[in-house]
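**Q** sharing a model prediction with you, sequence too.
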Amino acid sequence: MKSYRCRIRMTVTSSLLLLLCACGGGEGSSDSGGPPPKGEVALQIVSFGDSLSDVGTYEPIAHLYNGGRFTTNPGQVWVQNVAQHYGNTVTAAFTIDLTQKLSPQGGYGYAEGGATVATPAIDNDFLLDVIGNVEMPLTDQVTSYLGAHGAFTGNQLVLVWAGANDVLRAGSSPGSPAIVTTAANALATVVGQIVAKGATHVVLLNIPDVGATPQGLASVDGGATLTQWSQLFNSTLSAALATNDLTSKVIFVDTYTWLNQVLGNYKGKGFTVSNTATGCNPSTTPRDTALLCSPSTYAHANADQTYMFADQLHFTTRMHSLLAEYVEAQIAASGLGN
């Protein structure tokens with residue numbers, strides 16, 4: 001998901017340029033190495049999706065604010081935790097630069113903050129004054145991967161999580177249901193493409209209840225419409241998977257149910273604040289976005305562990321850790337590793 005109306009002034013351009021020059025403009029990665037896998041099997045991680053899975057597309061800019069990912073930085077997102085579980089690391093496939101261009105970095109983390117499933121997120125100004133409308137839809141992410149690598153392999157774990165931005169941009173017009181169902185069907189089509197291109201271990205996450213986020217709760221109807229579209233997206237996705245004979249070919253993770261279960265027992269999960277406040281202090285976090293959140297802008301010193309949400313839409317470090325454990329359990333239940 002993305003934080004709407006998140007904008008950084010271009011007055012920082014000269015400082016950013018110095019930073020990028022000092023850092024060499026980005027860091028490549030072979031996405032290999034790390035400790036012996038806790039999951040028993042060593043797997044290379046390939047991920048597609050939006051900001052909930054973005055491992056650092058905008059880090060060259062966000063680093064100036066000690067940010068880098070859409071969480072309570074310097075914490076990791078769930079994709080990175082899953083990669084470590086299987087003895088690997090994952091870095092961004094592309095990163096942004098000051099010319100408002102995405103540059104390939106050699107990583108396998110294709111997920112990008114702001115991405116929808118199939119269409120550019122044209123109705124927003126997400127970091128517009130710095131990066132432009134560069135968010136690569138999921139369909140383009142997969143096309144980009146295939147253009148670079150040709151196919152998937154049997155030693156890869158392909159993680160796919162997208163659709164929340166489609167729900168957010170659907171709004172409440174008569175055409176909203178069509179936007180949601182089109183996106184869900186497109187996601188099933190992309191999954192079919194991934195399977196057809198050789199992927200044997202595909203993990204597909206449905207979307208959580210967007211209406212249960214702080215942004216949802218703050219909306220006019222308390223999140224009811226966003227919850228309705230979240231449910232429509234998930235039911236359409238499940239039906240499309242069945243229709244295309246894909247249900248048995250993916251490891252399905254129900255994040256909708258998972259999030260509501262955590263909300264129902266948030267204190268038992270170690271949180272002191274559920275979805276009623278954010279771990280990144282809106283008054284001190286630049287543009288009130290988790291992308292630019294750091295320990296100096298936390299609501300409390302240990303907010304990354306005691307809050308569920310970093311900002312209005314994104315998870316804290318602890319929430320990402322719990323999600324990773326849940327995903328790993330689903331993968332193990334499928335018979336792959338532990």
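**A** Nice, I can see it. In this text the structure is predicted, and so the values were computed from the model without any measurement.

**Q** roughly how far does the closest residue to residue 182 other than its chain neighbours sit from residue 165?
**A** Of all residues not flanking residue 182 in the chain, residue 118 sits nearest, at 7.3 Å (CB to CB, 6 or more residues apart in numbering). For the C-beta atoms, the positions are set from N, CA and C on the backbone; glycine is no exception. Here residue 118 is placed at a distance of 11 Å from residue 165 (CB to CB, to the nearest Å).

**Q** ok, now residue 234?
**A** 15 Å.

**Q** picking that back up, sec struct for the residue nearest to residue 182, please.
**A** Secondary structure, DSSP: H, G, I helix; E, B strand; the rest coil: residue 118 is coil.

**Q** next, it: phi, psi?
**A** Residue 118 adopts backbone torsions of phi -130, psi -10, taken as degrees, to the nearest 10.

**Q** and for residue 204?
**A** The phi/psi pair for residue 204 (degrees, to the nearest 10) is phi -120, psi 120.

**Q** against residue 45, how distant is the closest residue in space to it that isn't next to it in sequence?
**A** Nearest residue to residue 204, sequence neighbours excluded (CB to CB, 6+ apart): residue 250, at 4.4 Å. From residue 250 across to residue 45, the span is 16 Å (CB to CB).

**Q** kindly report the same for residue 196.
**A** Distance from residue 196 to residue 45, by CB to CB: 20 Å.

**Q** more neighbours: which of those two?
**A** Set side by side, residue 196 and residue 45 show more neighbours around residue 45, with 25 against 11, by other CB atoms under 10 Å.

**Q** ok so the more buried one is a strand residue?
**A** Yes. Counting by three-state DSSP, residue 45 is found in a strand.

**Q** thought it was touching residue 86?
**A** Yes. Counting by CB atoms under 8 Å, residue 45 touches residue 86, with 6.8 Å between them.

**Q** rounded mean pLDDT for stretch 89-100, please.
**A** Averaged across stretch 89-100, pLDDT comes to 89.

**Q** mind listing what's buried along it?
**A** Neighbour-count burial for stretch 89-100 flags 89-98 (criterion: 16 or more other CB atoms under 10 Å).

**Q** using PDB, write out every CA atom in it.
**A** Below are the C-alpha coordinates for stretch 89-100, written out as PDB (Å, rounded to 0.1, in the frame of the first residue of the first chain):
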ATOM      1  CA  THR A  89      18.800 -12.200   1.200                       C
ATOM      2  CA  VAL A  90      16.700 -10.100  -1.200                       C
ATOM      3  CA  THR A  91      17.400  -6.600  -2.500                       C
ATOM      4  CA  ALA A  92      15.600  -4.200  -4.800                       C
ATOM      5  CA  ALA A  93      15.500  -5.000  -8.500                       C
ATOM      6  CA  PHE A  94      15.200  -1.300  -9.300                       C
ATOM      7  CA  THR A  95      16.000   1.800  -7.400                       C
ATOM      8  CA  ILE A  96      15.000   5.400  -8.100                       C
ATOM      9  CA  ASP A  97      17.400   8.300  -8.800                       C
ATOM     10  CA  LEU A  98      17.200  12.000  -9.100                       C
ATOM     11  CA  THR A  99      16.300  12.000 -12.800                       C
ATOM     12  CA  GLN A 100      13.000  10.300 -11.900                       C
END
